[in-house]
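Q: Predicted model, plus sequence, below.
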Amino acid sequence: MAKSILAVNAGSSSVKITFYTFDNPPKTIADAQVSGITAPPSMLKYQRGASKHKEELKEQLNTPQGAFKYLLQRCFNDPELSEVASDKDLSYICHRVVHGGDYHEAVEITDETVHHLEALEDLAPLHNFSALEIIRLCRSELPKVKSVTFFDTAFHRTLPAYVKTYPIDQEVAKANGLRKYGFHGISYSFILRSVAEFLGKPQDKTNLIAMHIGSGASVCAIKEGKSIDTSMGLTPLAGLPGATRSGDIDPSLVFHYTNEASNLSPSSTKEMHISTAEEILNKKSGWKALTGTTDFSEIAVEKPPSAGHQLAFDILVDRMLGYIGNYYAKLGGQVDGLVFAGGIGEKSALLRRILAEKCACFGMAIDSVANDKGPDENQTVKDISKGEGGGGKGPRVLICQTNEQFEMAYHCVCARS
């Protein structure tokens, strides 16, 4: 039997796994997800072919490792999933790791690379921990299957020095790895490849302003297939606000917020050190702090339920608009497309419409019917621009249904074919 690839995408509150064939391009065998790890009840979503299943789990899976082990056994024990009945059917496990430091490409996990990634945990304690816990689990319980890590930071290795350098003492900065790294890179890699193919252009001739807008949100300027700037920085906290993240603020704010900013948060453990400042700005801010909800679909409505909901929506639109204008100028106005991706970017017709209206000065315009309908389930890229004569004279406005698991499997196959 042909071997398969398992792609793992672990967050603090959810774990997603997808099994793929070792074809070029890979084909999906099965997809499973556990959410609600930090906010019970745990929910399972499971899809195999046309069969879809969703249920609330009786057991509470409160760690990434626990959720991963549950998903793996659920799939291995499915009598209808003969392609992956055990770890013997796997050739590679692909892991999404948010922060890769100075790694510029995917690496196979060895003792050396694990130690290097563990050293990065203090730089990104809220973002690498879940992935590394699962990597350690795979090394101990699935030792015969090779694990490969893909880094969100790697796509941004092309950032110019004047973009990635912070104006602080450079000896201190270099000794501690303090610079802009950028994130959502696996998603941006998928977006670039998919949109370039859709437009019929080589990637190295494609210029985009791409936006991955979800609970974590960022924008990226892509010039001739390379990242030249992005909104996130040393960590994913910088840039746009998110569900619980503040985004850009005056760096001094947190010290006025609390005199305990530098103390360890109660959420810290022996393995993961989190300051009170990190806890506040990453977990207790964003639109949840303004509205009480992390569900953007309750905020992006024509008649918001409160002034706080309207304010949260307006803040996100304003910050996104600022980056679009900034990157339009950095690309010299030579922009092939403005791309909406991520859960919110793909689903919120209201957000897309309002932003397109505010970008009319750049020649952008959208077709309201196409925008309201959004992409079909299996449609990777959808053009929602107005046609010729309809007012759209600038960049195309596109929706891309990004897929980080697929992107990892795709590059795993390409590198090893």
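A: Thanks, I have it.
Q: Quick one: residues in contact with stretch 350-357.
A: 213, 300-302, 313, 316-317, 320-321, 324, 338, 340, 344-345, 364-366, 368, 371, 384, 397, 399 (C-beta atoms under 8 Å, 6 or more residues apart in numbering). Where C-beta positions appear, they are placed from N, C-alpha and C, glycine not excepted.
Q: So for stretch 340-350, first residue to last residue, what's the gap.
A: End-to-end span of stretch 340-350 (C-alpha to C-alpha, to the nearest Å): 12 Å.
Q: Adjust the sequence numbering to begin at 887 for everything that follows.
A: Shifting the count to begin at 887 puts that one at stretch 1226-1236.
Q: What's the local residue count around residue 997?
A: By other C-beta atoms under 10 Å, the residues close to residue 997 number 8.
Q: So residue 995 sits against residue 1026, correct?
A: No. Residue 995 lies out of contact with residue 1026 (C-beta atoms under 8 Å); the separation is 11.9 Å.
Q: So if I had to pick from those two, which one is more boxed in?
A: Comparing residue 995 with residue 1026 by other C-beta under 10 Å, the one with more neighbours is residue 995, at 20 against 8.
Q: Distance check, that one against residue 908.
A: Plainly put, residue 995 is 19 Å away from residue 908 if you go by C-beta to C-beta, to the nearest Å.
Q: Please apply the same query to residue 992.
A: To residue 908, residue 992 is 16 Å away according to C-beta to C-beta.
Q: now do residue 1110
A: Distance of residue 1110 to residue 908, computed by C-beta to C-beta: 32 Å.
Q: the more surrounded of these two?
A: Shown here are residue 1110 and residue 908; by other C-beta under 10 Å, residue 908 has more neighbours (18 against 14).
Q: residues contacting that one?
A: Residue 908 neighbours (C-beta under 8 Å, 6+ apart): 888-891, 977, 1299.
Q: Endpoints of stretch 1248-1267, how far apart?
A: 22 Å.
Q: mind listing what's buried in it?
A: 1248, 1250-1253, 1256-1257, 1260-1261, 1266-1267 (16 or more other C-beta atoms under 10 Å).
Q: what do you get for stretch 891-900?
A: Buried residues in stretch 891-900 (16+ other C-beta under 10 Å): 891-897, 899-900.
Q: pLDDT weak spots in the stretch 887-1036 of the chain?
A: For the stretch 887-1036 of the chain, residues meeting the criterion pLDDT under 70 lie at 887-888, 1008, 1011-1012.
Q: let's see it at 90
A: Within the stretch 887-1036 of the chain, the segments meeting pLDDT under 90 span 887-889, 897-900, 921-928, 935-936, 944-949, 968, 988, 1001-1016.
Q: Just the strands from this structure, written as ranges.
A: Secondary structure of the chain (DSSP state E): strands at 890-896, 900-907, 914-921, 929-934, 937-942, 976-983, 993-994, 1032-1037, 1094-1099, 1103-1109, 1112-1116, 1223-1227, 1267-1269, 1282-1286.
Q: Looking at those, spot the one closest to residue 968.
A: Closest approach to residue 968 among these is made by strand 914-921 (9.9 Å; C-beta to C-beta).
Q: any idea how this protein splits into domains?
A: According to automatic domain parsing, the chain comprises the domains 890-1037, 1087-1286.
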